[in-house]
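Trainee: Here is the input, now give the coordinates:
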Amino acid sequence: MPRPDYPKTLYDFEEWFPTEESCIKFLIDSRWPTGFVCPRCGFTEYYWKSARSLLQCKSCGYQVSPTAGTVMHRSKLSLKTWFRAAYLVTTHTPGMSALQIQRQLGIASYQTAFTMLHKLRAAMVREGRDQLSGTVEVDETYIGGPEPGKPGRGAAGKVIVAGAVDIHGRYANRVRLRVIPNVTSETLYGFIKDNVEEGSTIKTDEWSGYSRVRLEYEHSVSASLPHIHRVFSNLKVWLLGTHHGVSPQHLQAYLNEFTFRFNRRGTPMAAFQTVLGLAKERTGPTYKGLYGVKKGRSMWVHPRNPIGS
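Mentor: Reported below is the predicted structural model:
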């Protein structure tokens, strides 16, 4: 028995999830699509403990929460609020800022909305995801506003982002993005090894940092990398238009969200269960994890920044 379907329209969403109870039923059906199985003893019948919203195994008495292992676990926010946030995040094409989430859902604290949004972003990253394959364009870009000093590779005061996109016919297929510390051969080759199948054709510019690519890949040097450059351009417009600036501390989370949206641009609503953490255990970052480290200044993505700068 497959997992339950996902709401495809706002009307569907409001019809499906009018109460906390309807959200709980969806959680149970999603987590145990073939029926409840006790994680301790394997028994398949349970009592519903409504006072604490727990399932209790009829055999061994083990209790489990429907939200355990998800981004919603032990949250003080209602399930309806989490479900609405997940629906907005997955269906609103440009994405949602924490301020928008706070206003749309009537959340009292901006920090609560910010943490909630980062938990949803954490659920967007699937461990062990398939590598890119075929013909893959690879390049780097620099995220940040105009800075004095050296332009291009080696620019000070900006964060370096490596990107790769595989090509199907004339179109970009899937993308991978990662914050990297430098553009040395070791770093760039490590990014490619982690994200691209061995034997694929890698297209890069003439930067010497890509010299190791030919060891395990077909390597094509080209002055034209239109697909990855378009990805970088769209990324910068998205960061500027939706979020208005991000800190280096959180940039990878925003790259993960952009990647998630890009790779599911044809079926955004199908990701509703994924961002709730129902596809696989994913609890997301804590408030302390997000705010316990010095944030650093916000990086403003200037619309006139050239792609390679």
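Trainee: quick one: Trp238 from Leu117, how far?
Mentor: 15 Å (CB to CB, to the nearest Å). (C-beta placed from N, C-alpha, C; glycine too.)
Trainee: Please read the previous query as pertaining to His219.
Mentor: 39 Å.
Trainee: Look at those two and report which has more neighbours.
Mentor: Per other CB atoms under 10 Å, whichever of His219 and Leu117 has more neighbours is Leu117, with 24 against 16.
Trainee: quick one, phi psi at the more buried one?
Mentor: phi -60, psi -40 (degrees, to the nearest 10).
Trainee: Let the chain start at 38 from now.
Mentor: Sure, I'll start counting at 38 from here, so that last one is Leu154.
Trainee: so who does it touch?
Mentor: Ala122, Val126, Met133, Ser134, Ala135, Ile138 (CB atoms under 8 Å, 6 or more residues apart in numbering).
Trainee: swap in Asn219?
Mentor: Contacts of Asn219 by CB under 8 Å, 6+ apart are Ile197.
Trainee: isn't there a helix covering it?
Mentor: No: using DSSP: H, G, I helix; E, B strand; the rest coil, the secondary structure at Asn219 is coil, not a helix.
Trainee: residue ranges with poor pLDDT in the protein?
Mentor: Filtered on pLDDT under 70, the chain yields the residue ranges 38-40, 164-165, 182-193, 280-282, 305-307, 316-346.
Trainee: Let me know the distance separating the nearest residue to Cys94 once chain neighbours are set aside from Val101.
Mentor: Nearest residue to Cys94, sequence neighbours excluded (CB to CB, 6 or more residues apart in numbering): Cys75, at 4.0 Å. Separation of Cys75 from Val101 (CB to CB): 8 Å.
Trainee: any common contacting residues for the two?
Mentor: Cys94.
Trainee: For the stretch 188-337 of the chain, which segments are assigned as strands?
Mentor: 196-205, 208-217, 238-241, 255-258 (DSSP state E, counting those that start in this stretch).
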